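Engineer: Sequence first, then the predicted structure, then my questions.
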Amino acid sequence: MSYLDPRAGQIPGEPHADALAYQNPAWHADDEQAKRGPGKRRAGRGRKPDGKSRAGRNLPAAIAVGLSLGLVVLASLLIWPPALLGVLVLAASVGVWETARAVHVTGARPPVIPLIAGTIGMTGLAWYAGPDALTLGLLATIGAAALWRLADGAAAVRRDFTSITLIAVYVPFLLSFAAMLVQPDDGKWRVLATVVAVVLSDTGGYAAGVFLGKHPMAPKISPKKSWEGFAGSMTAAAIGSGALLFFLMEVPVYYGLLFGAVISIVAVMGDLAESMLKRDLGVKDMSNLLPGHGGLMDRLDSILFAVPTAYLLFAIIAPN
């Protein structure tokens, strides 16, 4: 049953997604296999879809898109850090648009214009004024979007208020912590370490899941994620972060190992949270914006939980 709408994600005449069998677990693989039409099983036997990995990804496209996104973030950090503000605003705005579009299947119509305006405001407030101003920006965004819907009557506000709040908190509020993470003198290394930890978590978990994955981690939420993949995710993130933070910021190795492990855990939680949301909405991807990845939100899911966690962790292990 959907927590946004009791009918969301249910397709008449088809079995519920929880009844699907768990097969060939991998870490960051598509949650469900495409259905085969009559006769396609024999025709495709012994052959893999063009460009697809064992986990179902179009790896060439996924790698190209992933590298491109990484280069944009890296360039903004190392060449001109203020450009990161524009990157964050653009990423959060696209994420708001994708999520608002996805929740349309529930009958909700969250207003995109005030949500994107609030996204710009929240990111700027976090960049220039800190966490208190960010919180005020969140409340102002929710209030402005609700007032926008009030023009269609009180029923529209009641229908859309939950989705408005979800989108405002889930996307721009969480991502805006990156704007505060970059503010200290070593802020660019803090952001870089966080992004690298998430990438290592994703990569290590994907590799371990594809080659070793046998035991499902959350079959009712994301059937192809495995405990072996989770172990690979934590191991890669912890080791990589331990080395990176030591050489970049002289953070003790044991703190770096802890940082990587915690970031990996919350990154996995973020990925599972988005998988649960997509399953609840009955969609496979938030959009088709990025070849090999789906939507931008399908790449931001881990980052959204990791950034505020990194902000808190650095306050402990590397205070200003």
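Structural biologist: Thanks, I have it.
Engineer: residues near His104, how many?
Structural biologist: His104 has 12 neighbours, counted by other C-beta atoms under 10 Å. All C-beta atoms are positioned from the backbone trio N, CA, C, and that covers glycine.
Engineer: What separation do you get for it and Pro184?
Structural biologist: Counting by C-beta to C-beta, to the nearest Å, the separation of His104 from Pro184 is 40 Å.
Engineer: Same check on Ala83?
Structural biologist: Separation of Ala83 from Pro184 (C-beta to C-beta) stands at 18 Å.
Engineer: ok but Lys225 is inside a strand, no?
Structural biologist: Yes: according to DSSP: H, G, I helix; E, B strand; the rest coil, Lys225 belongs to a strand.
Engineer: how about the nearest residue to it, chain neighbours excluded?
Structural biologist: Spatially, and ignoring its direct neighbours in sequence, Lys225 is nearest to Met217 (4.6 Å; C-beta to C-beta, 6 or more residues apart in numbering).
Engineer: can you give me the helices for the stretch 201-320 of the chain?
Structural biologist: Ranges of helices in the stretch 201-320 of the chain, per DSSP state H, counting those that start in this stretch, are 227-249, 253-281, 297-317.
Engineer: any low-confidence regions in the protein?
Structural biologist: Within the chain, the stretches with pLDDT under 70 are 1-66, 285, 287-294.
Engineer: which residues in it form strands?
Structural biologist: Here the chain has its strands, by DSSP state E, at 216-218, 222-226.
Engineer: ok now the last one, how far from the chain's centre?
Structural biologist: Pointing back at strand 222-226 there. Distance of strand 222-226 from the chain centroid (C-alpha atoms, centre = their mean, to the nearest Å) equals 16 Å.
Engineer: Which other helices and strands does it contact?
Structural biologist: Applying 3 or more C-beta pairs under 8 Å, 6 or more residues apart in numbering; DSSP states H and E, one finds that strand 222-226 contacts helix 187-212, strand 216-218, helix 253-281.
Engineer: Could you save these as a markdown table and add columns showing distance to Lys224 and mean neighbour count?
Structural biologist: A markdown table is the format used below for the helices and strands packed on strand 222-226 (distance: least, C-beta to C-beta, whole Å; neighbours: other C-beta atoms under 10 Å):
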| stretch | distance to Lys224 | mean neighbour count |
| --- | --- | --- |
| helix 187-212 | 7 | 23 |
| strand 216-218 | 8 | 18 |
| helix 253-281 | 10 | 21 |
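Engineer: now these in JSON lines, with distance to Ala243?
Structural biologist: Shown next, in JSON lines, are these (distance: least, C-beta to C-beta, whole Å):
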{"stretch": "helix 187-212", "distance to Ala243": "10"}
{"stretch": "strand 216-218", "distance to Ala243": "27"}
{"stretch": "helix 253-281", "distance to Ala243": "7"}
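Engineer: Can you tell me which of these is nearest to Ala144?
Structural biologist: helix 253-281 (23.4 Å; C-beta to C-beta).
Engineer: Give me the helices and strands touching the closest one, please.
Structural biologist: In terms of contacts (3+ C-beta pairs under 8 Å, 6+ apart), helix 253-281 is packed against helix 187-212, strand 222-226, helix 227-249, helix 297-317.
Engineer: Looking at the ones you listed, which is nearest to Ala154?
Structural biologist: Nearest to Ala154 among the helices and strands packed on helix 253-281 is helix 297-317 (30.0 Å), distances taken as C-beta to C-beta.
Engineer: Pull out the buried residues from that closest one.
Structural biologist: 297-311, 313-314 (16 or more other C-beta atoms under 10 Å).
Engineer: Tabulate the CA atom coordinates of that helix in CSV.
Structural biologist: Output of helix 297-317 as CSV, limited to C-alpha atoms (Å, rounded to 0.1, in the frame of the first residue of the first chain):
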residue,chain,number,x,y,z
MET,A,297,17.6,11.4,-9.0
ASP,A,298,18.8,7.8,-9.7
ARG,A,299,22.3,9.2,-9.2
LEU,A,300,21.6,11.6,-6.4
ASP,A,301,19.8,9.1,-4.2
SER,A,302,23.0,8.1,-2.3
ILE,A,303,24.5,11.6,-2.3
LEU,A,304,21.3,13.1,-0.7
PHE,A,305,21.8,11.1,2.5
ALA,A,306,25.6,11.2,2.4
VAL,A,307,26.1,15.0,2.3
PRO,A,308,24.3,16.0,5.6
THR,A,309,26.0,13.0,7.3
ALA,A,310,29.4,14.1,6.1
TYR,A,311,28.7,17.6,7.3
LEU,A,312,28.0,16.2,10.8
LEU,A,313,31.0,13.8,10.7
PHE,A,314,33.5,16.5,9.7
ALA,A,315,32.2,18.6,12.6
ILE,A,316,33.5,15.9,14.9
ILE,A,317,36.6,14.5,13.2
